[in-house]
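Chemist: Sequence first, then the predicted structure:
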Amino acid sequence: MGSEKKFALQSLFTKIIVHLFMLEFSPATDPRNKWIGEIANFRTDAIARIDDTPSLKHFADGLFEKSWKYAGKEVKARFSTYNESADVPDECPYTMDQVLNMDFVPEHKPNHGFGI
């Protein structure tokens, strides 16, 4: 399995997780529809990559687990840019099934876990 294909899937997982986290916890309301659209695009791409490269399924769980390490750092950086702080948990708050589920959108909890 080529490392580019693995990296691409891990990158998509990271992008989806970051956007889900922003949807759930950011107090910002204006960009929510944009984030939902971006999540749909990232999901479509991730699912297509997994479907088109069956051997990639074997690595998906491990790539998903690794993606949280990067997503957590990106979440902190993004929220810091807007003078918000994120209480980022050690474990990913989403399952891989939720991350790939085209219908999953987390409940908006803008005051949970943040200091502004």
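Modeler: Great, that's in hand. Numbering: from 1, shown residues only.

Chemist: just so I have it, where are all the helices in this protein?
Modeler: 3-25, 32-52, 57-81, 96-100 (DSSP state H).

Chemist: Can you mark which positions in the longest one are buried?
Modeler: I take that to be helix 57-81. 59-60, 63-64, 67-68, 70-72, 74-75, 78-79 (16 or more other CB atoms under 10 Å). (Glycine included, C-beta is placed from N, CA and C.)

Chemist: Quick check: which ranges of the chain have low pLDDT?
Modeler: 1, 111-116 (pLDDT under 70).

Chemist: Which residue would you name as the spatial centre of it?
Modeler: residue 17 (1.1 Å; CA atoms, centre = their mean).

Chemist: contacting residues around that residue?
Modeler: Shown in contact with residue 17 (CB atoms under 8 Å, 6 or more residues apart in numbering): 67-68, 71, 92, 94, 99.

Chemist: Distance-wise, check it relative to residue 46.
Modeler: Note on residue 17: its distance to residue 46, by CB to CB, to the nearest Å, is 11 Å.

Chemist: isn't residue 99 right next to residue 14, touching?
Modeler: No. Using CB atoms under 8 Å, residue 99 makes no contact with residue 14, being 10.0 Å away.

Chemist: re earlier: which stretch among the helices of the chain comes nearest residue 106?
Modeler: Closest to residue 106 of the helices of the chain is helix 3-25 (CB to CB; 3.9 Å).

Chemist: That closest one: which residues count as buried?
Modeler: Under 16+ other CB under 10 Å, the buried positions of helix 3-25 are 5-6, 8-25.

Chemist: wait, which of the helices of the chain is closest to residue 109?
Modeler: Closest to residue 109 of these is helix 3-25 (CB to CB; 5.8 Å).

Chemist: returning to that earlier point: with distance to residue 86 added, can I get the buried residues of helix 57-81 in JSON lines?
Modeler: Output for these, formatted as JSON lines (distance: CB to CB, whole Å):
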{"residue": "59", "distance to residue 86": "28"}
{"residue": "60", "distance to residue 86": "26"}
{"residue": "63", "distance to residue 86": "23"}
{"residue": "64", "distance to residue 86": "20"}
{"residue": "67", "distance to residue 86": "16"}
{"residue": "68", "distance to residue 86": "13"}
{"residue": "70", "distance to residue 86": "14"}
{"residue": "71", "distance to residue 86": "11"}
{"residue": "72", "distance to residue 86": "8"}
{"residue": "74", "distance to residue 86": "10"}
{"residue": "75", "distance to residue 86": "5"}
{"residue": "78", "distance to residue 86": "8"}
{"residue": "79", "distance to residue 86": "4"}
